[in-house]
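Asks: no FASTA, just this:
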């Protein structure tokens, strides 16, 4: 179970997002993967910038 800290839903949302980011970095390190740029996200950013 994951618990969210913060006073209010927005604060809790940001806390859960930070926990998810930390988890993804830890998982990448455990798997020996580079958590760097993701091609799909880079393409999306380029599309949105155009």
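Replies: Sure, I can see it. Computed from a predicted structure; not experimentally measured. Numbering: from 1, shown residues only.
Asks: three-state assignment of the spatially most central residue of the chain?
Replies: Centroid-nearest residue in the chain: residue 21, 3.4 Å away (criterion: C-alpha atoms, centre = their mean). Of the three states, residue 21 takes helix according to DSSP: H, G, I helix; E, B strand; the rest coil.
Asks: can you offset everything so residue one is 44?
Replies: With the count now opening at 44, the last piece we talked about shows up as residue 64.
Asks: quick check: the gap between it and residue 58.
Replies: The gap separating residue 64 from residue 58 is 11 Å, by C-beta to C-beta, to the nearest Å. Every residue, glycine included, has its C-beta placed from N, CA and C.
Asks: so where's this structure shaky on pLDDT?
Replies: Scanning the chain for pLDDT under 70 picks out nothing.
Asks: show me where it has its helices.
Replies: 52-74, 82-92 (DSSP state H).
Asks: same list (these) but as a markdown table, adding distance to residue 44.
Replies: Formatted as a markdown table, those follow (distance: least, C-beta to C-beta, whole Å):
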| stretch | distance to residue 44 |
| --- | --- |
| helix 52-74 | 12 |
| helix 82-92 | 29 |
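Asks: so which of those helices is the most surrounded?
Replies: Among the helices of the chain, helix 52-74 has the highest mean neighbour count (mean count of other C-beta atoms under 10 Å), at a mean of 12.
Asks: name the residues that touch it?
Replies: Residues from elsewhere that reach helix 52-74 (C-beta atoms under 8 Å, 6 or more residues apart in numbering): 45, 47, 48, 49, 77, 78.
Asks: grab the nearest non-local neighbour of the fifth one.
Replies: Read that as residue 77. The shortest distance from residue 77 to any non-neighbouring residue, by C-beta to C-beta, 6 or more residues apart in numbering, is to residue 71 (7.1 Å).
Asks: over to the second one?
Replies: With C-beta to C-beta, 6+ apart as the measure, residue 55 is the residue that lies nearest to residue 47, at 3.6 Å, once sequence neighbours are left out.
Asks: quickly note the distance from residue 71 to residue 49.
Replies: Residue 71 is 26 Å from residue 49, by C-beta to C-beta.
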